[in-house]
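Trainee: model this:
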Amino acid sequence: QVQLVESGGGLVQAGDSLRLSCAASGRTFSWYTMGWFRQVPGKEREFVGRISGSGGSTSYADALEGRFTISRDNAKNTAYLQMNSLKPEDTAVYYCAARPIGRNGGGTSTASYDYWGQGTQVTVSS
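Mentor: Okay, the predicted model is just below:
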């Protein structure tokens, strides 16, 4: 089992930056690819990006690449989502998720992740 806890959400203004954290416990952190997703009411959970177990590889949703950056510190068992130039449409609940490294597939679907955090609300005002 892997337990995930997100933090760092809040209310910010358009154009601001915010960094979310995802603290993991329970298993060897580097064994897991970490993904970030977001969800607004009435919509499906949307892929934001993911990072490999070593941190050497990242991928992002096309619309977010360049503004959002995912990193991880395996010594601290924590993954991060740095969000810059935030827009009101970035308002959502943000979730981190974990899946074992080496699992087939691109890691962009919610079904490919085994463990989820509880989510943290990010609200961007205009």
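
Trainee: any idea which residue sits dead centre in the protein?
Mentor: Nearest to the centroid of the C-alpha atoms of the chain, with distances taken as C-alpha atoms, centre = their mean, sits Trp36, at 2.2 Å.

Trainee: which phi and psi does that one have?
Mentor: Dihedral pair for Trp36: phi -120, psi 140, per degrees, to the nearest 10.

Trainee: now do the same contact list for it.
Mentor: Residues in contact with Trp36, defined by C-beta atoms under 8 Å, 6 or more residues apart in numbering, are 20, 22, 48-50, 68, 70, 79, 81, 94-97. Placement of C-beta: from N, CA and C, glycine included.

Trainee: swap in Leu81?
Mentor: 19-20, 22, 36, 48-49, 68-70, 94, 96.

Trainee: which one (most neighbours) among the residues you listed?
Mentor: Across the contacts of Leu81, neighbour numbers were computed from other C-beta atoms under 10 Å; Cys96 holds the maximum, 30 neighbours.

Trainee: could you verify my assumption that that one touches Thr33?
Mentor: No. Counting by C-beta atoms under 8 Å, Cys96 sits too far from Thr33 to count as a contact (11.1 Å).

Trainee: Pro41 belongs to a strand, doesn't it?
Mentor: No. Counting by DSSP: H, G, I helix; E, B strand; the rest coil, Pro41 is not found in a strand; it is coil.

Trainee: and it, backbone torsions?
Mentor: Here the main-chain torsion angles of Pro41 (degrees, to the nearest 10) amount to phi -60, psi 130.
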